[in-house]
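Participant: What follows is a protein structure lacking sequence information:
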């Protein structure tokens, strides 16, 4: 049975709507609308148990997943949802040992997911031109203990990547078409890149660029509906996230793709 | 540059609608409606290059991803889509070293995805009562080179799992509620299980059962829309997969969950 | 050119997020966060023109549609969305002259839509057991000038309808299966009924009941996504209504339906 | 009880997947994979009853709705679905007496729906430049008995409409932006137009044009999911129509819209 140690991150779970990712620290208190939780009391407790707040509410003490960490990342940037992250990780075929380049670190949310997927043998090289984001992302990755698996470069990916022969690439930029050629130069032949864009205008441009050196170009949008399950009253929830962005996947080929025309048919 | 060797699996990619997963074998031919591909000619070619068929069509020679393999699994059973597989892998937080139990091996599609996610350090223990599926799944996993990371047990998961302290659990059974307690006995406290069911009737029953020993019970359905991208004519494709099934996630807690009532509020 | 008269309802349109349905009254003021609108000043203005508020904002003066009226109905009850209303009106084939029975008047939103569709030659007979809703709905219908086309009966539809040979029926009750037989007795043979239910549990029950005397039973859910259109940045809006309810349509047949089994196949 | 007469259209309903819209004619036979139906035998039967085919299958004899007619229209053109038609009719606020202009008659499917909604007091003026479609649509409308309520003009709507002071407008053209100004000249101030387009590229252009003289511009897409209802096994159907097109609604205002900028905010 794993027990909580001083310094561990825990997910304090009150109910389906309220949960907090907290670092346990002897002598510290955590204040909520349902009372105060003395964090020191959690130390030595087994994960999966609960603790009572000063107002006598039960908070379950859970080990956070990579998803919990990512949801809690401080982000001045756009949110990436787990549905999109998950599909990228799976389609790129990432696993321990994979080398990945990322264009657009942002707050490091996707970087963390990529790093978690390729550790311990792989590595993520992430490019970000805005210095303040390099710092935010570095802090976020360190908090999650993932900094060993990531190198953030304060460079412009459009000017080229320093790596070679990488297994996969992920792009989250406003003008993703600018890095399609740079990715082509460093991605292993036959391997995949994924690009995330909120608008179809961006998708059109990036796909047009991809057609020059990639095949199996596939754009999808992923929607997740949450269901309220209650015996005899089960129904989808009223509000849902209607849109985050489009994901475009493509596989690098060698030489110019002479089948571009055929690709474009419905 | 990685080149194709005799015995390798390759994805022969003709266009966005036609592709084949083929094992390369000296002296063998592969027949398509676009001509014959001599498989021996592919040996020694770099991945990402193309080969011409007897009818002079170009087939790109691509390294298959785990997703390509899974799509091509021979399956008398229901199909699992990559959107669902991906979300399960990510939410369960799987990575190299994870130990997973699976109830309902079926053709081994999800088993393969789980194995790929936890290798090389982890392991999947998959339970299947129908002997013929044990054989089918074993064959499929061997073909993908994943058999080392999987133990298929021809036992009934409802009677209990032989493992202990596993990191995650996945259930794909018609009556998933029957294994919720057995999973509880072997899953690490605070860790997640995921259950896949085509109908809300099943979801209601399994969630009711989960409330006895799990929190953060979350049922979602994931929809993926494919977009036809063409300059000035971009639009979602006319036909889409409207439904595969519902995914229910939950985290095991210790002791009886006394907050069940609070969970059920919208 | 139609001009606004004292007593008219107008839609004061500020922007895509802010609009108000207001009754014009000489000497009255309408207060908003963008200033005060003197309603008397609108009298004599043409519809489609605008008026300036005290804070110098332009408010467009528009003629309200039936949809605007329905959205603005004071409703202690569940909301019906235009997507659902529209599909019911169209599939029921309503037009001037149709006779309709409704079980469950509620606030009169759907009643108003039905009345608008069948006027001036048709009529709606709406049943509601809760006296307070009879009053609310009557007020709402009068406000819209539709009271002539509706008879609200403070009776229990489950006990039977007083009408005969009606062209269509609409049910919005928690236990719709209770009025399937009563509807069968008064609906013209071959004609349609529609039932609205938030949960699939209700749908299962009502469909099972319908199979005894109806064919072409069809359950759908209708989703509407709103798109934010901006040159080069067009995308679906982030938040959407993920669920309102399911609509079930069916056509009455004479005699017992002996093909029930065939109907249930996928 | 209404009975079938010689010359009537009936819907021969076999099961949820198979139905035919047929004109009853003494002495004629209707051949199906489930046997021959002697149409003369239907004459005098009540609607809602059934008839047996030569292979002893029951075919229900149902009165067709406007929706049944529209689905059965012979169409060389793109399909309009009832979800889209319904939303247009409702949002435009059409009812007996409304005058409507339509740009792009096509096969007359939407024309028929518009005509049905405005009859008997209203009228539809539909513009179509392709002579062959004028003929197809005329035939289709006559078959449905709606020709009295429609005037099809073999003119180019871009050059202007001959009508004045119409209550609503519907556009289904490849280049809808070309008729936004012509519609503005004939539509009553404050009233609505609706435009249907398969792609967001078209939507962007038409919305940009609308901003010059319309407010409350609203683009939506409507999705309908069909549910397979079976006790204990209820679930959405596997295949669905993922896309038909986008609907854009707008209300004409007088004078130039000076709030264009405000409109474009998310």
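Facilitator: Received, thanks. This one's a predicted model, so the numbers in the text were calculated from it and none came from an experiment.

Participant: list the contacts for the one residue in the stretch 101-250 of chain A that gets nearest to chain D?
Facilitator: Chain D sits closest to residue A:200 of the stretch 101-250 of chain A, with a gap of 5.3 Å, by C-beta to the nearest C-beta. Yep, even glycine has a C-beta here, placed from its N, CA and C like the rest. Listed by C-beta atoms under 8 Å, 6 or more residues apart in numbering or on different chains, the contact set of residue A:200 reads A:246, B:227, B:229, B:234, C:234-235, D:200.

Participant: how about a cut-off of 10 Å?
Facilitator: A:207, A:219, A:221, A:246, B:227, B:229, B:234-236, C:233-236, D:199-201, D:204 (C-beta atoms under 10 Å, 6 or more residues apart in numbering or on different chains).

Participant: can you pull the contacts of residue A:180?
Facilitator: With C-beta under 10 Å, 6+ apart, residue A:180 has these contacts: A:103, A:158, A:169, A:171, A:193, A:195, A:205-214, A:250, A:252.

Participant: Just the buried subset of those residues, written out for ChimeraX, thanks.
Facilitator: The buried residues among these can be selected in ChimeraX (16 or more other C-beta atoms under 10 Å in any protein chain shown) with this line:
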select /A:103,158,169,171,193,195,205,206,207,208,209,210,211,213,214,250,252
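
Participant: Sort out for me which of the contacts of residue A:180 are in helices.
Facilitator: Of those, the ones assigned to helices by DSSP state H are A:205-210.

Participant: JSON lines for those residues, including pLDDT and distance to chain C?
Facilitator: As requested, the ones in helices among the contacts of residue A:180 are exported to JSON lines (pLDDT from 0 to 100; distance: C-beta to the nearest C-beta, whole Å):
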{"residue": "A:205", "pLDDT": "97", "distance to chain C": "10"}
{"residue": "A:206", "pLDDT": "97", "distance to chain C": "14"}
{"residue": "A:207", "pLDDT": "97", "distance to chain C": "16"}
{"residue": "A:208", "pLDDT": "97", "distance to chain C": "15"}
{"residue": "A:209", "pLDDT": "97", "distance to chain C": "16"}
{"residue": "A:210", "pLDDT": "97", "distance to chain C": "19"}
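
Participant: Assess the claim that residue A:49 and residue A:41 are in contact.
Facilitator: No: Residue A:49 is beyond contact range of residue A:41, at 11.0 Å (criterion: C-beta atoms under 10 Å).

Participant: So which of the two has more stuff around it?
Facilitator: Using other C-beta atoms under 10 Å in any protein chain shown as the criterion, residue A:49 and residue A:41 rank with residue A:49 on top: 19 against 14.

Participant: Find the nearest non-adjacent residue to that one, please.
Facilitator: Once flanking residues are discounted, residue A:49 sits nearest to residue B:254: 4.9 Å by C-beta to C-beta, 6 or more residues apart in numbering or on different chains.

Participant: Can you give me the neighbour number for that neighbour?
Facilitator: Around residue B:254 there are 18 residues (other C-beta under 10 Å).

Participant: now check the strand or helix carrying residue A:51, is it near chain B?
Facilitator: According to DSSP states H and E, residue A:51 maps onto strand A:50-52. Yes: shown here: strand A:50-52 in contact with chain B (C-beta under 10 Å from any C-beta of the partner chain) through residue A:50.

Participant: Following that strand in sequence, what is the next regular element?
Facilitator: strand A:58-62.

Participant: Are that next one and chain B in contact anywhere?
Facilitator: Yes: residues of strand A:58-62 are located near chain B by C-beta under 10 Å from any C-beta, namely A:58-62.

Participant: could you say what helices and strands that strand packs with?
Facilitator: Strand A:58-62 sits against strand A:9-15, strand A:18-23, strand A:35-38, strand A:50-52, strand B:187-197, strand B:214-228, strand B:246-252, with contacts defined as 3 or more C-beta pairs under 10 Å, 6 or more residues apart in numbering or on different chains; DSSP states H and E.

Participant: Show me what the shortest one is packed up against.
Facilitator: Okay, so that is strand A:50-52. By 3+ C-beta pairs under 10 Å, 6+ apart, strand A:50-52 packs against strand A:9-15, strand A:35-38, strand A:58-62.

Participant: And that strand, what's buried?
Facilitator: For strand A:50-52, by 16+ other C-beta under 10 Å, it's A:50-51.

Participant: near chain D, which residues of chain A?
Facilitator: Applying C-beta under 10 Å from any C-beta, one finds that chain A approaches chain D through A:199-201, A:204.

Participant: most neighbours, which of the residues you listed?
Facilitator: Going by other C-beta under 10 Å, residue A:200 tops these with 25 neighbours.

Participant: Low-confidence ranges, chain A, go.
Facilitator: A:75-78, A:256-266 (pLDDT under 70).

Participant: care to break it down by domain?
Facilitator: According to automatic domain parsing, chain A comprises the domains A:9-64, A:68-263.

Participant: So which of those domains is the most surrounded?
Facilitator: domain A:68-263 (a mean of 21; mean count of other C-beta atoms under 10 Å in any protein chain shown).

Participant: from the chain's centre, how far out does that domain sit?
Facilitator: On the basis of C-alpha atoms, centre = their mean, to the nearest Å, domain A:68-263 is displaced by 8 Å from the centre of the chain it belongs to.

Participant: before we move on, which element is the most centrally placed residue in chain A in?
Facilitator: By C-alpha atoms, centre = their mean, chain A has its centre lying nearest to residue A:110, at 2.9 Å. Take DSSP H and E as the rule and residue A:110 turns out to sit in helix A:109-118.

Participant: Pipe the ones in helices among the contacts of residue A:180 into CSV and attach distance to residue B:175 per row.
Facilitator: Below are these laid out as CSV (distance: C-beta to C-beta, whole Å):
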residue, distance to residue B:175
A:205, 49
A:206, 46
A:207, 44
A:208, 50
A:209, 50
A:210, 45
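
Participant: ok, which of those also contact chain B?
Facilitator: A:205-208, A:210.

Participant: which residues does residue A:255 contact?
Facilitator: A:189, A:213, B:48-50, B:58.

Participant: Throw the helices and strands packed on strand A:50-52 into TSV and include distance to residue C:31, thanks.
Facilitator: As requested, these are arranged in TSV below (distance: least, C-beta to C-beta, whole Å):
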stretch	distance to residue C:31
strand A:9-15	40
strand A:35-38	42
strand A:58-62	45
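
Participant: quick one, which of the ones you listed is nearest to residue B:139?
Facilitator: strand A:58-62 (38.6 Å; C-beta to C-beta).

Participant: Tell me the strands beside the closest one, with direction?
Facilitator: strand A:9-15 (antiparallel), strand A:50-52 (antiparallel) (DSSP bridges).

Participant: quick one, it and strand B:246-252 angle?
Facilitator: 100 degrees (axes from the mean of the first three to the mean of the last three C-alpha atoms, to 10 degrees).

Participant: residues in the stretch 101-250 of chain A within reach of chain C, list them.
Facilitator: With C-beta under 10 Å from any C-beta as the criterion, the stretch 101-250 of chain A meets chain C at residues A:197-202, A:205, A:221, A:223-228, A:230-246.

Participant: repeat that with 8 Å
Facilitator: For the stretch 101-250 of chain A, the residues in contact with chain C (C-beta under 8 Å from any C-beta of the partner chain) are A:198-201, A:225-226, A:232-245.

Participant: Take these and keep only those in strands.
Facilitator: A:225-226, A:235-236, A:239-241 (DSSP state E).

Participant: from those, which two are the most distant?
Facilitator: Farthest pair in these, by C-beta to C-beta: A:235 and A:241, 17.3 Å.

Participant: returning to what we had before: what would the strands paired with strand A:58-62 look like in CSV with distance to residue D:88?
Facilitator: Converted to CSV, these look like this (distance: least, C-beta to C-beta, whole Å):
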stretch, distance to residue D:88
strand A:9-15, 43
strand A:50-52, 54
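
Participant: Can you say which of the ones you listed is nearest to residue D:141?
Facilitator: strand A:9-15 (58.7 Å).

Participant: Nearest to chain C: which residue in the stretch 1-150 of chain A?
Facilitator: residue A:79 (9.3 Å).

Participant: For the residue nearest to that residue when sequence neighbours are not counted, which residues are in contact?
Facilitator: Among residues not flanking residue A:79 along the chain, residue A:244 sits closest, at 7.2 Å (C-beta to C-beta, 6+ apart). Contacts of residue A:244 were listed using C-beta under 8 Å, 6+ apart, and they are A:79-81, A:83-84, A:198, A:222, C:238.
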